[in-house]
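Participant: Fold the stuff below for me.
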Amino acid sequence: MALFTHRERLAVIVLCLLTVVGWTARLALKSRGDAEITVIRGAIESPAVRDVPTVVSTAVVDINSADADQLASLPMIGPVKAMAIVEYRGQHGPFKRIEDIMSVKGIGPATFESVHDTITVGQSDSTSTGGKAP
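Facilitator: Numbering: from 1, shown residues only. This is a model prediction of the structure:
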């Protein structure tokens, strides 16, 4: 005498397979969700940051005349670094080259690398090795 009929064994196998598929999908979604917690400035489709307004400028910004809001729109430049740029400009005068922005506390080579194509120092930028003229 068999413990289960053929139909019952088939039902148990299907339930086991559905359980395995469900757990696999849950783990895949969980690991995918964990990866989306990492906020990268400019991420658009990530549900973790969908409600957070992120503005990344593609226009060239003159770092000698831009206000803090305009500076904060640059990649890797948030409100704190934008204020640091404005304060530095007030204390030391206008930047002569775009590379001079690395003199501002908190802005190093990595930040400069991400913004050098989107910043200018006005008409005198033609002598610089990076950036675009307005």
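
Participant: Domain parsing of this protein, as residue ranges.
Facilitator: 6-35, 61-127 (automatic domain parsing).

Participant: quick one: average confidence on the first one?
Facilitator: Read it as domain 6-35. Average pLDDT, domain 6-35: 80.

Participant: cool, the last one as well?
Facilitator: Averaging pLDDT along domain 61-127 gives 89.

Participant: Would you mind measuring from the closest residue to Pro79 other than its chain neighbours to Val20?
Facilitator: Among residues not flanking Pro79 along the chain, Ala72 sits closest, at 5.0 Å (CB to CB, 6 or more residues apart in numbering). For glycine as for every other residue, the C-beta is placed from the backbone atoms N, C-alpha and C. For Ala72, the distance to Val20 equals 48 Å [CB to CB, to the nearest Å].

Participant: Same question for Leu71.
Facilitator: The value you get for Leu71 to Val20, if CB to CB is used, is 52 Å.

Participant: between these two, which one's more packed in?
Facilitator: Comparing Leu71 with Val20 by other CB atoms under 10 Å, the one with more neighbours is Leu71, at 25 against 10.

Participant: Over to the more buried one. Which of the three states is it?
Facilitator: Judged by DSSP: H, G, I helix; E, B strand; the rest coil, the three-state class of Leu71 is helix.

Participant: ok, how many other residues are close to the residue nearest to it when sequence neighbours are not counted?
Facilitator: Among residues not flanking Leu71 along the chain, Ala82 sits closest, at 3.8 Å (CB to CB, 6+ apart). By other CB under 10 Å, 20 other residues sit near Ala82.

Participant: How about the contacts made by Ala82?
Facilitator: Going by CB atoms under 8 Å, 6 or more residues apart in numbering, Ala82 touches Ala68, Asp69, Leu71, Ala72, Leu74.

Participant: As a markdown table, the residues you listed with distance to Arg26 would be great.
Facilitator: Output for these, formatted as a markdown table (distance: CB to CB, whole Å):
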| residue | distance to Arg26 |
| --- | --- |
| Ala68 | 44 |
| Asp69 | 42 |
| Leu71 | 43 |
| Ala72 | 39 |
| Leu74 | 39 |
